[in-house]
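Asks: With the input below, show me the fold.
(one chain, ligands or ions: 1)
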Amino acid sequence: MKVSVDPNRCYGSGDCVYRVPSVFTAEGGFGAVIPGREDTGDDPEVRAAAEGCPSQAITIAD
Ligand code: SF4
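Replies: Coordinates of the predicted model:
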């Protein structure tokens, strides 16, 4: 499962970076998936970060 961050929705709370720093990073003040870590959507921590994103900017899809 692929994880992605919609930069148009993210407002840079940093929650995802705090929760899963091995997958998410801050880029220009906004959340982003670290290049090469897109294939981590099955990780429960990544799913929790997606559910916890206050702007629902994190998508997990096939
Ligand atoms: S938790 Fe959501 S709003 Fe906050 S930085 Fe991550 S993607 Fe952006």
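
Asks: Surely residue 50 forms part of a helix?
Replies: Yes: assessed by DSSP: H, G, I helix; E, B strand; the rest coil, residue 50 belongs to a helix.

Asks: For the spatially closest residue to it that is not a sequence neighbour, list the residues it contacts.
Replies: Spatially, and ignoring its direct neighbours in sequence, residue 50 is nearest to residue 58 (3.9 Å; CB to CB, 6 or more residues apart in numbering). Heads up, the C-betas are built off the backbone N, CA and C, glycines and all. Counting by CB atoms under 8 Å, 6 or more residues apart in numbering, residue 58 touches 3-6, 16, 31, 49-50.

Asks: mind checking the end-to-end distance for stretch 14-24?
Replies: 9 Å (CA to CA, to the nearest Å).

Asks: one step back: relative to residue 7, how far out is the residue nearest to residue 50?
Replies: The gap separating residue 58 from residue 7 is 11 Å, by CB to CB, to the nearest Å.

Asks: is stretch 25-42 up against the ligand anywhere?
Replies: Yes: counting by CB under 6 Å from any ligand atom, the ligand has neighbours in stretch 25-42: 30-31.

Asks: Rounded mean pLDDT for that stretch, please.
Replies: For stretch 25-42, the mean pLDDT works out to 97.

Asks: any idea how far that stretch is from the chain center?
Replies: 6 Å (CA atoms, centre = their mean, to the nearest Å).

Asks: do stretch 36-44 as well
Replies: For stretch 36-44, the distance to the chain centre is 9 Å (CA atoms, centre = their mean).

Asks: 746 is where my numbering starts, stick with that
Replies: Let's use 746 as the start, then, which means that last one is stretch 781-789.

Asks: Now do the buried residues in that stretch.
Replies: In terms of neighbour count (16 or more other CB atoms under 10 Å), stretch 781-789 has its buried residues at 785-786, 788.

Asks: No further questions, thank you.
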